[in-house]
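# just coords:
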């Protein structure tokens, strides 16, 4: 008993003097270990709060991500530029200027459409072909085969079926010129129409082709309008009515509405779950600190400041709260993945964990401040 009182007195005397952060952390860790019941209760409360946040708000965030992804695939960020006669189109240097517009992810330039047909193998039917005047975007994959060299061609998945080619090979007749087929490609997202085309890499000796069909992808739907204005200015097409720009403004508005509605729901659910958890953490700390009033009184009597006692209590609460957040995140994410088949966005996960950890720890401030504000003389007075 005497040794215990001496230990408490020594610890209190240390807290009456300036203390380094690492020593404060060690002291808080020892207190958390010594008061196992409080620590276990805080872990369970924080774990339940985190799990509930991910099962409710996390599930809503995962649903929002899936819905917005499906809308995004429909093309709210895609800009289609068509240049009709009598304008010849835009050259490769103009396509390069399009690439440098702020907010543009990629540019795909295609030459005028023309008919080609299979020369030896496959059905002898006409299919549409265009010159490929820019690199292929990430949404276009070549499998099997390889990228075309000058004078070579790749065929879309639909075109391969029309030509009745088991394997994308052979040659195509292009106005009397033979074009070797070196692969098949498939397009995804908003440019799936490319699958019905043959894309030909212009030969090194052929006349420069002009782009009459240009696709641009904006990095964000809200940047589409600004990109369209710059495209019209840089294209310098004459006559002006030869330039036709197509976008999907209704999809842009739909994405904004869905993001606001579903995002608002997920935030409300998260705040509700966190608020309940904060109240439970505050009650747990209040009950735990009420049994340690004499310890706080000894520290105050020996000169420890109120802010030092509050800081010690916050550090002591931070350990179980952090453990509860980690365990709750693992359990909540597992439940969401099993339920939805996909996880919430990484930004939501990080933000939710930080918010729960900070609010859970901050919930210990009122009971800690109340305990530190007690008069040490009255607490230590022997009846």
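That came in fine, so what should we check first? What you are looking at is a predicted structure, and each value in this text was computed from that prediction instead of being measured.

# Run through the helices of this structure in chain order.
With DSSP state H as the criterion, the chain has helices at 2-16, 21-34, 36-53, 59-73, 92-99, 157-162, 224-235, 249-290, 293-301, 306-340, 346-362, 365-372, 376-380.

# Worst mean pLDDT among the ones you listed?
Of all the helices of the chain, helix 2-16 carries the lowest average pLDDT, namely a mean of 44.

# Distance check, the residue nearest the centre of the chain against residue 143.
Nearest to the mean C-alpha position of the chain, counting by C-alpha atoms, centre = their mean, stands residue 345 at 4.7 Å. Distance of residue 345 to residue 143, given as C-beta to C-beta, to the nearest Å: 29 Å. Backbone N, C-alpha and C define where each C-beta goes, glycine included.

# just residue 179 next, same as before
20 Å.

# tell me the phi and psi of residue 236?
In terms of degrees, to the nearest 10, the main-chain angles of residue 236 are phi 50, psi 50.

# The residue nearest to it when sequence neighbours are not counted: neighbour count?
Nearest residue to residue 236 in three dimensions, chain neighbours excluded: residue 94, at 7.8 Å (C-beta to C-beta, 6 or more residues apart in numbering). For residue 94, the count of nearby residues is 19 (other C-beta atoms under 10 Å).

# next one: the one 3 residues further on
Using other C-beta under 10 Å, residue 97 is surrounded by 15 other residues.

# can you check residue 35 too?
18.

# where's the spatially closest residue to it that is not a sequence neighbour relative to residue 39, distance?
Spatially, and ignoring its direct neighbours in sequence, residue 35 is nearest to residue 288 (6.5 Å; C-beta to C-beta, 6+ apart). Separation of residue 288 from residue 39 (C-beta to C-beta): 9 Å.

# domains in this protein, as residue ranges please.
Listed by automatic domain parsing, the domain ranges of the chain are 9-70+256-380, 78-248.

# rewinding a little: more neighbours: residue 179 and residue 143, which one.
residue 179 (23 against 11).

# Please tell me the pLDDT value assigned to the more buried one.
90.

# Look up the residues forming beta bridges with it.
residue 172 (DSSP bridges).

# Surely it is in contact with residue 155?
No - look at residue 179 against residue 155 with C-beta atoms under 8 Å: they stay out of range, at 10.1 Å.
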